[in-house]
Structure formats: C-alpha cells, structure tokens
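Asker: Let's see this in three dimensions:
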Amino acid sequence: MEEKEINLIDYWNVLWQKRKFIVITVMIVTMLSVTISLFLPLWYKSTTTIMIPSGGGNSFGGLGASLSSFGLGNVFGGSEDQLKIMTILKSKKMLELLDEKFDFQAKYEEKYKFKTYKKLKSNYRVEVGEEDQIFISILDTDQNKVADMSNYVVHCLDSLNIAFNTSKAKNNREFVENRINITMDSLSFYENKTTDFMEENGIISLNEQLIVEVEKAAEMKAEIMAQEIELALKKEMLSPQNQQIKALEISLNLLSAKYDDFFKDTSNDKLLINLGNVPNLQKQFARLKRKVMYFSKLLEFLAPQYEQAKIEEVRNIPTIQVIDEAKRPEWKTKPKRAKFVVVFFTISLILSCYVALFMKKK
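Answerer: Below is the predicted model:
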C-alpha cells in the first residue's frame, strides 16, 4: 500500500515538474481547436412532419369493404400504407429527385453520382414517431434552402405515391375487368346451356310440371286399373269375340300406351317430362342452376369493385397530410463548438500527461 502511494506521489512530482510543458501543450491544442471550430462550415437542420391519412392510399378499399361480408375485412391492413411511404422516402429515386432539383453533386463537389447519393443519404433522416407521424429531416449548409429541401421531399413523396396508387388501381381495374369478362362469358354459356337443356327436355317449370304429370299419371293408372277390372269381369260373362270386350281391349291398350309415354324418351309431347329419368334430370338441372346462380352472384360482387377501381384510377387527391411544414432554421445544428473544444482539451491534457511521464522514464 505504501509502495503504491509512493508511486502516485512520484507520478505527481513528474507531472508537476513538467507542468509548463503540459499547460503550453493543452493551451496550444485548445486554441487550435477553437480556431478550427470557427472555420468549420455551419450545418442547419430542417424537419417536416407528416401523417398518412387512414385508407388514403389503399386502392383496394372498396374490395376490402366488400370482403368484410366474407369475414376478410382485415386483409388489407393500415400498416401497408406506412411501409410503402417509408420505402419511397428511403428509395434511391428520392435521392435522384433531390439531386436533380438542388444539384447536390456540385454542392458536394463529387465526380460520381453514387458518391453524391451516399453523402446526401448521410444528411437525410426519416423517422417514425410514437403516434405514427413521420419526421423528414435534411442537414445542409445552406440556411435559406434547407427548408425547401425538406418540403420538396414531401412534394415528391406525394407525387410518387399518387403515381403508384394510380398504377395499382389501373392493375386492379384491369384485373377486375378481365374477371368480369370471364364471368359474363361463363354466365352466358351456362344460361344458354340451361335454355337448351330445358328445351330438349320440355322443361318450363320442373317442379310444377312434375306435380301435374304425377297427378295425371296417377289418374291414368287408376283408370287403367279400373278398365282391367272391368275387362276381367266381362271376359267371365261374355265370349272373347264380343264387341264390348274388343272395344275395352282397344281402349285399354291406348290408355296403357299413353301411360307409358310418361316414362319414355320417345314421347312427342314436349310438355311431358320423362318420369323414369326424373332423378337424373333434377340433378343435371340443379347443377346448371347452381352454375348460373354462382356466376350471377360473382358478377354482382365484381361490378362495384370495377366501378371503385375506375374511380381510384383517375383520383388525383393528395395522399399525405402535412402536420408541420419545414421552416427556415434560426440556429445551426452543428458543429457543436463547445463540445468540440472540450473534447480536444481533454485529449490534449491526457496525451501531454502521458508524454511527460514517458519522457521522465527515458
């Protein structure tokens, strides 16, 4: 412990002996840092605050609303708009537009564009706040133009977002239009097929026709059974050559043939449905009706989407809400002269002390 105290005293003695060197070194470095800080270029920061209107950039808004009836109303989330806006703000396209407007390549004295964009990107900030507001900041040495730069970013952002929304709405419109054309063709096909099927099978109203035919067939069957009983009784009482028996047989044969027409495909009566083929007819007819109903419902669903897409395609309203417009900054952002001088003062003090101790050891 005593040895350690002795060493500290020795160090202090060395530093005290070299105090003149240390003070002069620190003063020179500090004065140099003050001088340098006075000649450093002044940088100014200007910030614009924006918000994204809810649902403002969603060209599928109408589709999302309609899908809610199918339990899919949250398919298109609000965060999609924010991600798109952030992507545009951080894109190379935005840097290109800024460079075209304010000629940063000449300002930064860079020969190549990629170096200009790299330097511009380091002076360009995009941040998201706690309330989902977006802060767009630019650092520049021109106090009078830096606010124009930040506001120009918002102008470009809105223009690009409108263009993207229009393109998206156009693609959506073309897609829905194509689906409508396909649906209308399919609907027309199955409507014609249903009409042909009804004509081929003599169908006007299947259920009502079946009820009427079943009643007629039942009545005819009852009449056949009555004539069969009458014929059997007369055959027991009269000779086979009796005219009544022959007339009754002819009547029974005609009635039976007519009854059989209900169950044959060869019937010439278009109003008669083949009762023997009723299950198959009902199945085929039901399938055709389902197809027609399906494409009719699909057309009802697509028509409003098509109109909505056409509206979105020509809509040209602002998609960005400016909360705080950038203003001309009144005070520099950097350099922080006091901090700059304090850092160099501290470094020079530490280094001069170290050099003094090193010189003593030699």
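
Asker: all contacts plus neighbour counts: C-alpha atoms, from now on.
Answerer: Fine.

Asker: which residues does residue 228 contact?
Answerer: The neighbourhood of residue 228, defined by Cα atoms under 8 Å, 6 or more residues apart in numbering, consists of residue 252.

Asker: no wait, residue 340
Answerer: So residue 340 contacts 33, 37 (Cα under 8 Å, 6+ apart).

Asker: residues of the helix or strand encompassing it that come out buried?
Answerer: Element membership for residue 340 (DSSP states H and E) is helix 337-361. Residues of helix 337-361 classed as buried by neighbour count (16 or more other Cα atoms under 10 Å): 341, 344, 345, 348, 349, 352, 353, 355, 356, 357.

Asker: Spatially, what comes nearest to the fifth one if we skip its sequence neighbours?
Answerer: Using Cα to Cα, 6 or more residues apart in numbering and skipping residues adjacent in sequence, the residue nearest residue 349 is residue 26, 5.7 Å away.

Asker: How far does the helix or strand encompassing that neighbour sit from its chain's centre?
Answerer: Per DSSP H and E, residue 26 falls inside helix 19-39. How far helix 19-39 lies from its chain's middle: 61 Å, per Cα atoms, centre = their mean, to the nearest Å.

Asker: and the angle for that helix with helix 337-361?
Answerer: Angle of helix 19-39 versus helix 337-361, following axes from the mean of the first three to the mean of the last three Cα atoms, to 10 degrees, is 150 degrees.

Asker: low-confidence ranges in the protein?
Answerer: Per-residue confidence for the chain (pLDDT under 70) gives these ranges: 1-6, 54-78, 201-219, 221, 259-282, 285-286, 316, 360-362.

Asker: Mind listing what's buried along stretch 84-95?
Answerer: By 16+ other Cα under 10 Å, the buried positions in stretch 84-95 come out as 85, 88, 89, 94, 95.

Asker: All the helices of the stretch 151-300 of the chain, residue numbers only.
Answerer: Using DSSP state H, counting those that start in this stretch, the helices of the stretch 151-300 of the chain run over residues 206-237, 243-261, 278-314.

Asker: Nearest to residue 178, out of those helices?
Answerer: Closest of the helices of the stretch 151-300 of the chain to residue 178 is helix 278-314, at 9.9 Å (criterion: Cα to Cα).

Asker: Could I get the buried residue list for that closest one?
Answerer: Buried residues in helix 278-314, counted by 16+ other Cα under 10 Å: 281, 285, 288, 291-292, 295-296, 298-299, 302, 305-306, 308-313.

Asker: Check which helices and strands it sits against.
Answerer: Applying 3 or more Cα pairs under 8 Å, 6 or more residues apart in numbering; DSSP states H and E, we find helix 278-314 packed against helix 61-67, helix 146-200.

Asker: now the ones you listed in JSON lines, with distance to residue 16 and mean neighbour count?
Answerer: As requested, those are exported to JSON lines (distance: least, Cα to Cα, whole Å; neighbours: other Cα atoms under 10 Å):
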{"stretch": "helix 61-67", "distance to residue 16": "78", "mean neighbour count": "18"}
{"stretch": "helix 146-200", "distance to residue 16": "51", "mean neighbour count": "18"}
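
Asker: Including distance to residue 224, could those go into JSON lines?
Answerer: Output for the helices and strands packed on helix 278-314, formatted as JSON lines (distance: least, Cα to Cα, whole Å):
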{"stretch": "helix 61-67", "distance to residue 224": "60"}
{"stretch": "helix 146-200", "distance to residue 224": "29"}
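
Asker: And the buried residues of stretch 84-95, which is closest to residue 251?
Answerer: Of all these, residue 251 sits closest to residue 85, with 88.9 Å by Cα to Cα.

Asker: The closest one should be in a strand, yeah?
Answerer: No: assigned with DSSP: H, G, I helix; E, B strand; the rest coil, residue 85 falls outside any strand and is helix.

Asker: give me every residue that touches it.
Answerer: Counted by Cα under 8 Å, 6+ apart, residue 85 has contacts 157, 161.

Asker: what's the distance between it and residue 79?
Answerer: Counting by Cα to Cα, to the nearest Å, the separation of residue 85 from residue 79 is 10 Å.

Asker: and if you look at residue 114?
Answerer: Taking Cα to Cα, one finds residue 114 at 31 Å from residue 79.
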